[in-house]
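Student: fold the following.
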Amino acid sequence: MSLRTGNGTIVQEFILEGFPAVQHLGKILFSVHLLAYLASITGNMVIITITCADAHLQTPMYFFLCVFSFIECCFTSTVIPKLLLIFLFGRQTISFAACFIQAFVFIFVGSSGFLIIAVMSVDRYVAICRPLHYPSIMSPRTCFLLVIACFATSFPLITGLLVKISRLSFCGPHVIPHFFCDLGPLIHLSCSDTRSAEMMAFALALLILFTSLTITIVAYSNIAATIIRLPLAKERQRAFSTCSSHLMVLSLMYGSCVFIYVKPKQTSRLDSNREAALVNTVVTPLLNPVIYTLRNKQVHQALQEALCRRGTLR
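Tutor: As a prediction, the model looks like this:
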C-alpha cells in the first residue's frame, strides 16, 4: 500500500515475497518450519531451565550459554512466526513500522549474540590458559557486566543504522525479495541515494563480525597452544572437549552471516541470501541446543538427572 503526497508516493507497507517458487507447498512448509521452530524454542528453553535449576551448572560457562540460548529464542522468534503466516495464509504484507521494528530486533539480537560468542571464547581461554585465576577473573559480577556490555555495545550501533535507513525515501517498489525485513533487500527498495547507508551497513557488519571473530581467533589460538603443551593425551582430550561444542556453533554462525552481510554491494545475490538466512534463522538455532546437549557431558548429565527426578515424582 502506498500513500500519494505532493512530493510523490510514500510506501506505508511492504510485501514480503517469501519463497514464491515453493509457495504451492505452503501447508507442508508450514508444518516443517513450525516443527523446527518449536524444537528450537524447546531445546533452548531446556538449556535455560536446567542451567538455572542445576547447582552444578552455576558457573560462568553455563551462565553465558544460558544467555546465548535466550538470544537464540529471541532471534528465531523475530522472523519465523511471520514466515509461518506467509506459508499458511499467504499473509505477506507488513507495515512500514513493523518492518523496521523487525529489522532492528533481528540485527540487534544477532549482533549481541556474536559478542556473547566472543565472550564465551574469552571464558574458555581463561578457564584453560589461566585456571588458577579463573574464579577471580570470571566472577559473577564480571560475567554480568560482560553480558550488559554486549547489549550496550550493539544497541547504539544498530539504532544509528536503522535510523539512517528509515530516513531514506521509499516511493517505488514495495516488494521485499525476502521472507523478513532484512537490511540488504530493504535498502535496495529505496529511491534515495543509498550508497552511504550501504557502506554504513557494511562497516557495521565488519565491525561486529570481525571484532567478534578476531577475539575468538586470538582466544582459541592461545587455547590450542596451551592444549598442545599438556603432557597427557587424556588432559588434551578433556580440554578440547570443553571447546568442541562452541567451535561447532561458531562455524555455523560465522559461515552463514559472513556470506549474507559482508558484501559492500548489498544488492548482489539476494536470492542466495534467502537460503543462507533460512539456515541462520531456522537450522542454526535448532542445532545449537542439540550440539550443546549431546556433546557436553555436564549438560547431558544434568538433563538425565532432571528427567529421572521427573519420573520419580510421577
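Student: name the nearest residue to the residue most central in space within the chain, ignoring sequence neighbours.
Tutor: Central residue of the chain (Cα atoms, centre = their mean): Gly110, 4.0 Å from the mean position. Once flanking residues are discounted, Gly110 sits nearest to Phe75: 6.0 Å by Cβ to Cβ, 6 or more residues apart in numbering. Placement of C-beta: from N, CA and C, glycine included.
Student: relative to Asn288, how far out is the one you found?
Tutor: Relative to Asn288, Phe75 is positioned 10 Å away (Cβ to Cβ, to the nearest Å).
Student: so what's the closest residue to Ala39 other than its chain neighbours scoring on pLDDT?
Tutor: Sequence neighbours aside, Leu286 is the residue nearest to Ala39 in space, at 5.7 Å (criterion: Cβ to Cβ, 6+ apart). For Leu286, the model assigns a pLDDT of 83.
Student: quick one on the thing from earlier: which strands and helices sit next to the strand or helix carrying the residue nearest to the centre of the chain?
Tutor: Per DSSP states H and E: Gly110 is located in helix 96-129. When contacts are defined as 3 or more Cβ pairs under 8 Å, 6 or more residues apart in numbering; DSSP states H and E, helix 96-129 sits against strand 13-16, helix 60-89, helix 134-137, helix 140-166, helix 183-188, helix 195-228, helix 233-261.
Student: picking that back up, tell me who's in contact with the residue nearest to Ala39.
Tutor: 36, 39-40, 43 (Cβ atoms under 8 Å, 6 or more residues apart in numbering).
Student: in a markdown table: these, plus secondary structure, distance to Phe202 and pLDDT.
Tutor: Below are the contacts of Leu286 laid out as a markdown table (DSSP: H, G, I helix; E, B strand; the rest coil; distance: Cβ to Cβ, whole Å; pLDDT from 0 to 100):
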| residue | secondary structure | distance to Phe202 | pLDDT |
| --- | --- | --- | --- |
| Ala36 | helix | 30 | 91 |
| Ala39 | helix | 34 | 91 |
| Ser40 | helix | 29 | 90 |
| Gly43 | helix | 33 | 88 |
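Student: of those, buried ones?
Tutor: With neighbours counted by 16 or more other Cβ atoms under 10 Å, those contain buried members at 36, 40, 43.
Student: need the contact list for the residue nearest to Gly110.
Tutor: So Phe75 contacts 106, 109-110, 113, 281, 285 (Cβ under 8 Å, 6+ apart).
Student: re the thing from before, now the buried ones among the contacts of Leu286 as JSON lines including distance to Gln237?
Tutor: Shown next, in JSON lines, are these (distance: Cβ to Cβ, whole Å):
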{"residue": "Ala36", "distance to Gln237": "33"}
{"residue": "Ser40", "distance to Gln237": "30"}
{"residue": "Gly43", "distance to Gln237": "26"}
